[in-house]
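*Asks:* with the input below, show me the fold.
(4 chains)
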2 protein chains.
Amino acid sequence: MRMGETVNRRGGEPLWRQIERGLAADIAGGVFPAGSQLPKEAVLAARFQVNRHTLRRAVAALQEAGLVRVEQGRGTFVQEEVIDYPVARRTRFSENILRIQRHPEGRLVEAAVEPAEAEVAKGLELRRGSSVVRLERLGMADGRPISITSHYFPHHRFPDLIEHFRASGSITKALAAQGLADYTRKFSRVTAALPEAEEARLLQQPRNQPILLVESVNVDAEGRPIEYAHSRMAAIRVNLVFEP
Amino acid sequence: MRMGETVNRRGGEPLWRQIERGLAADIAGGVFPAGSQLPKEAVLAARFQVNRHTLRRAVAALQEAGLVRVEQGRGTFVQEEVIDYPVARRTRFSENILRIQRHPEGRLVEAAVEPAEAEVAKGLELRRGSSVVRLERLGMADGRPISITSHYFPHHRFPDLIEHFRASGSITKALAAQGLADYTRKFSRVTAALPEAEEARLLQQPRNQPILLVESVNVDAEGRPIEYAHSRMAAIRVNLVFEP
DNA sequence: ACGTATTTGTTCGTATGTATC
DNA sequence: GGATACATACGAACAAATACG
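*Replies:* Okay, here's the model as predicted:
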């Protein structure tokens, strides 16, 4: 039998507090991994041999402490660790993730050359319909999906970007290979929405948890826009941190 | 009978385009105010005396143009105008709203002196339980609620802040009256969530539309934290814009 | 937790007008 | 005129998401 499945009814310590400790230990110990669903209240109550009310008191304490998230009608979930994702003048995905001591990974979802939509053209200061390179990328930290980003670049300036990206797996390196030494963030525009089915699937998150929408433009040393990007980030896993 | 309720089947112009113009005019004219729900498809189709497909084609065009938002199972809603709320080193609510040519308003929801919670204490670099002033404020632009913000200040440094705020209605002025000439934003941390019932009520928004959570710290000229703030902003109405 | 009603989304099929070669 | 392609319009049925008791 696992630790924490019995309660001491004599020790003077409230039962719910013992259960709280037990569950907290299970979460910390990886018995219930981050993001996973806890067994339903009735099962846990039976396991600890207490009334459901007592169990609920313990879960309420865990929620207060930020360890779990209770969703009415769905269940109780282990709260994921939230990543502080820094956004500054020089914002590079891999560097950012490494900076916070995590393992970055990127997966190319799609790559294409296509005419620019209105938004993209505006961001890149091109005429609508101009040829742009689009890279669709899933960003991960420690194996968990963090962001889906659509990157757009002017095609005339970076004609072989897709090949370079495929070779290096890094946008910064691909841009360097195309002759761009450095670039900086001009602005970021942030809002939130509920994800489309496909976005929720890629980000491995429920559809009723919001995502952060980040629109941004990067410019070269002369201030000319070289990238327009549109990111969707899992809000349960990410805090965007802006330090001026 | 109102204009735009009949279609001309002879003029050569597609029916759906006439309907699109009619609805767009109704929205612009305030017949359907921002945020309101349009009559359901069947009703509109009957009103224009066309098939539901034809009506849907018109609504699709309106959605493409960003005038409405269609939600399966709920209905079609007039899209609210989105405010670009700038966040920079010097971020002042009223100045920001004025800068984007809108009329700012603030309503004090609550004011109190209380012991600091863990988060607040950390942000203000105080010991937990230290006395802090809390101002709960609803920010509005052109009469529409934009944000609910909990402002926290060290009580020992600003003992009469509440009175000064009640007198001037401005945090900047109240701080000035307490001897603080200027302050700047140290960082902003952004995430998103679905609103509590009370938050949705104050922000006059549906509970299934996310809010932006902004945690921020302002510091004085010497870099000492003077304000910790926790904002909840209606994501359908606000874009946060960060320019480094 | 579950069923029912409401509302939008999708997919058939059919018919008509218009522009092009 | 005829053949073809395409956009427009209507009808019916079913699927999917949501709201509500």
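
*Asks:* need the helices for chain A, in chain order.
*Replies:* Taking DSSP state H, the helices of chain A run over residues A:15-28, A:41-48, A:52-64, A:93-99, A:118-124, A:161-168, A:171-177, A:197-203.

*Asks:* so which of those is nearest residue B:221?
*Replies:* Each of the helices of chain A has some distance to residue B:221 by Cβ to Cβ; the shortest is helix A:93-99, at 28.4 Å. The C-beta positions use only the backbone N, C-alpha and C, and glycine is treated the same way.

*Asks:* which strands and helices sit next to that closest one?
*Replies:* strand A:83-87, strand A:104-115, strand A:131-141, strand A:144-154 (3 or more Cβ pairs under 8 Å, 6 or more residues apart in numbering or on different chains; DSSP states H and E).

*Asks:* one more pass at 7 Å, please.
*Replies:* strand A:83-87, strand A:104-115 (3 or more Cβ pairs under 7 Å, 6 or more residues apart in numbering or on different chains; DSSP states H and E).

*Asks:* roughly how far out does it sit from the chain middle?
*Replies:* In terms of Cα atoms, centre = their mean, to the nearest Å, the centre of helix A:93-99 is set 13 Å apart from its chain centre.

*Asks:* run through who's touching that helix.
*Replies:* A:85, A:86, A:104, A:106, A:139, A:141, A:170 (Cβ atoms under 7 Å, 6 or more residues apart in numbering or on different chains).

*Asks:* return the alpha-carbon coordinates of that helix using PDB.
*Replies:* The C-alpha coordinates for helix A:93-99 follow below in PDB (Å, rounded to 0.1, in the frame of the first residue of the first chain):
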ATOM      1  CA  PHE A  93      12.800  31.200 -28.100                       C
ATOM      2  CA  SER A  94      15.600  28.800 -27.300                       C
ATOM      3  CA  GLU A  95      17.700  31.400 -25.400                       C
ATOM      4  CA  ASN A  96      14.600  32.300 -23.400                       C
ATOM      5  CA  ILE A  97      13.900  28.700 -22.400                       C
ATOM      6  CA  LEU A  98      17.500  28.000 -21.600                       C
ATOM      7  CA  ARG A  99      17.600  31.100 -19.500                       C
END
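
*Asks:* what comes up buried for that helix?
*Replies:* A:93, A:94, A:96, A:97 (16 or more other Cβ atoms under 10 Å in any protein chain shown).

*Asks:* same deal with stretch A:106-113?
*Replies:* A:106, A:111.

*Asks:* same question, stretch A:28-40
*Replies:* Buried, per 16+ other Cβ under 10 Å, within stretch A:28-40: A:32, A:35, A:38.

*Asks:* same check on stretch A:152-160?
*Replies:* Buried residues in stretch A:152-160 (16+ other Cβ under 10 Å): A:152, A:153, A:154, A:155, A:157, A:158.

*Asks:* just stretch A:55-62 next, same as before
*Replies:* In terms of neighbour count (16+ other Cβ under 10 Å), stretch A:55-62 has its buried residues at A:55, A:56, A:57, A:58, A:59, A:61, A:62.

*Asks:* how about the buried residues of helix A:93-99 in TSV, adding pLDDT and distance to residue A:131?
*Replies:* Output for those, formatted as TSV (pLDDT from 0 to 100; distance: Cβ to Cβ, whole Å):
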residue	pLDDT	distance to residue A:131
A:93	88	25
A:94	88	27
A:96	86	30
A:97	88	31
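
*Asks:* re earlier: as CSV, the buried residues of stretch A:28-40 with distance to chain B and pLDDT would be great.
*Replies:* Shown next, in CSV, are the buried residues of stretch A:28-40 (distance: Cβ to the nearest Cβ, whole Å; pLDDT from 0 to 100):
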residue, distance to chain B, pLDDT
A:32, 22, 78
A:35, 16, 71
A:38, 20, 78
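
*Asks:* which of the residues you listed lies closest to DNA strand C?
*Replies:* For those, the closest approach to DNA strand C (Cβ to the nearest atom of the strand) belongs to residue A:38, at 12.5 Å.

*Asks:* domain parsing for chain A?
*Replies:* A:15-78, A:83-242 (automatic domain parsing).

*Asks:* which non-adjacent residue is nearest residue A:127?
*Replies:* Nearest non-adjacent residue to residue A:127, counting by Cβ to Cβ, 6 or more residues apart in numbering or on different chains: residue A:121, 6.3 Å away.

*Asks:* now swap in residue A:39 and tell me
*Replies:* residue A:47 (7.5 Å).

*Asks:* and that neighbour, how many neighbours does it have?
*Replies:* By other Cβ atoms under 10 Å in any protein chain shown, 17 other residues sit near residue A:47.

*Asks:* so for chain A, the centremost residue is which one?
*Replies:* The residue lying closest to the centre of chain A (Cα atoms, centre = their mean) is residue A:146, at 2.6 Å.

*Asks:* can I assume that residue is in contact with residue A:236?
*Replies:* No. Counting by Cβ atoms under 7 Å, residue A:146 does not reach residue A:236; the two are 10.8 Å apart.

*Asks:* can you list contacts of stretch A:20-38?
*Replies:* Under Cβ under 7 Å, 6+ apart, the answer for stretch A:20-38 is A:3-4, A:44, A:58, A:61-62, A:67-68, A:75-78, A:80-81.

*Asks:* can you check stretch A:208-222 too?
*Replies:* Counting by Cβ under 7 Å, 6+ apart, A:123, A:180, A:182-195, A:199, A:203, A:225-236, A:238, A:240, B:191-194, B:210 sit against stretch A:208-222.

*Asks:* hang on, the earlier thing: just list the residues touching the residue nearest to residue A:127, thanks.
*Replies:* Neighbour list for residue A:121: A:127, A:128, A:130 [criterion: Cβ under 7 Å, 6+ apart].

*Asks:* please indicate which of the residues you listed are buried?
*Replies:* By 16+ other Cβ under 10 Å, these give no buried members at all.

*Asks:* so which of these is the closest to DNA strand D?
*Replies:* Among the contacts of residue A:121, and counting by Cβ to the nearest atom of the strand, the member closest to DNA strand D is residue A:128, at 19.4 Å.

*Asks:* any idea how far that closest one lies from residue B:60?
*Replies:* Going from residue A:128 to residue B:60 by Cβ to Cβ, to the nearest Å gives 20 Å.

*Asks:* ok, residue A:135 next?
*Replies:* 29 Å.

*Asks:* by mean pLDDT, flag the weakest helix or strand of chain A.
*Replies:* strand A:68-71 (a mean of 71; mean pLDDT, DSSP states H and E).

*Asks:* quick one: residues in contact with that strand.
*Replies:* Contacts for strand A:68-71 (Cβ under 7 Å, 6+ apart): A:38, A:59, A:62, A:63, A:76, A:77, A:78, A:79.

*Asks:* can you list the residues you listed in JSON lines and add distance to DNA strand C?
*Replies:* JSON lines is the format used below for those (distance: Cβ to the nearest atom of the strand, whole Å):
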{"residue": "A:38", "distance to DNA strand C": "13"}
{"residue": "A:59", "distance to DNA strand C": "14"}
{"residue": "A:62", "distance to DNA strand C": "19"}
{"residue": "A:63", "distance to DNA strand C": "18"}
{"residue": "A:76", "distance to DNA strand C": "11"}
{"residue": "A:77", "distance to DNA strand C": "14"}
{"residue": "A:78", "distance to DNA strand C": "18"}
{"residue": "A:79", "distance to DNA strand C": "20"}
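
*Asks:* how about CSV for those residues, with distance to residue A:174 added?
*Replies:* As requested, the contacts of strand A:68-71 are exported to CSV (distance: Cβ to Cβ, whole Å):
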residue, distance to residue A:174
A:38, 43
A:59, 48
A:62, 45
A:63, 44
A:76, 43
A:77, 37
A:78, 37
A:79, 36
